[in-house]
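Asker: Fold the following and give me the result.
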Amino acid sequence: MSVTRRNVILTGGAASLAACAPRANGSELEARVRASRNELFAQYPSLRGLAERSAGMLIIPEIVKGGLIVGGSYGEGALLVGDAVVDYISVGAASLGFQAGVQTFGQALFFISPAALANFRQADGWQLGVDAEATVLEDGIAAGVSSTTLQQPIYEVVYGQRGLLLGASLEGAKYNRLIR
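Answerer: Numbers count the residues shown, from 1 in each chain. Next comes the predicted model:
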């Protein structure tokens, strides 16, 4: 067996085992979402104002992404409207192509318009980049967000990145409602 084939098999096996891992219950997930949101606001204080002007905000505290040729990602979070959790959401994707490594990060989606939030909530298997486009706020941009700069219906912030993963993105990841 070649090293490449063995690595593909091991990666697939690891992904299968990860899928069997126990998931957090609703109250544990909600606590992680709120802690992650507070960390995000501490790092980028201007995002608190963005959240206040948003129709809703999706926080995925930790997305684990990894692979070697064959890869995948998965994370769970909650959709907040105001300060209330209205849905639990999972995001997942599979990928094939040049990629190597493991990375964890958090993701926040700010739904500025009520229509964008309604489309997200009504969709079955909503995909970023397919069902809607999001404007990515990078470190410097996130720090300078104001009401005069809000021109798009959805803004995305990726934060807390740890690890290294070459050659992959969240494009095409599916967001689904979780029953908790």
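Asker: If we go by neighbour counts, what in the helix or strand hosting residue 107 is buried?
Answerer: Taking DSSP states H and E as the criterion, the element that holds residue 107 is strand 84-111. Of the residues in strand 84-111, those with enough neighbours to count as buried (16 or more other C-beta atoms under 10 Å) are 85, 87-91, 93, 95, 99-100, 103-111. Heads up, the C-betas are built off the backbone N, CA and C, glycines and all.
Asker: What is the helix or strand hosting residue 74 packed up against?
Answerer: Using DSSP H and E, the element containing residue 74 is strand 56-81. Using 3 or more C-beta pairs under 8 Å, 6 or more residues apart in numbering; DSSP states H and E as the contact criterion, the elements in contact with strand 56-81 are helix 3-20, helix 26-43, strand 84-111, helix 114-122, strand 154-166.
Asker: who does the helix or strand just after the fourth one touch, helix- and strand-wise?
Answerer: Read it as helix 114-122. On the C-terminal side of helix 114-122, the nearest following helix or strand under DSSP H and E is strand 126-127. Taking 3+ C-beta pairs under 8 Å, 6+ apart as the contact definition, the neighbouring helices and strands of strand 126-127 are strand 174-178.
Asker: C-alpha coordinates for the strand it packs on, CSV please?
Answerer: Only the C-alpha atoms of strand 174-178 are listed here, as CSV (Å, rounded to 0.1, in the frame of the first residue of the first chain):
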residue,chain,number,x,y,z
LYS,A,174,-23.8,23.5,4.1
TYR,A,175,-25.5,25.0,7.1
ASN,A,176,-28.3,22.9,8.6
ARG,A,177,-30.7,23.2,11.5
LEU,A,178,-30.0,21.0,14.5
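Asker: let's number from 31 now, not from 1
Answerer: That works, and once the first residue is 31, the last one we named lands at strand 204-208.
Asker: Pull the residues that contact it.
Answerer: Residues outside strand 204-208 that contact it (C-beta atoms under 8 Å, 6 or more residues apart in numbering): 88, 106, 117-123, 150, 153-158.
Asker: If we use 6 Å, what do you get?
Answerer: If you take C-beta atoms under 6 Å, 6 or more residues apart in numbering as the criterion, strand 204-208 is touched by 117, 118, 119, 120, 121, 155, 156, 157.
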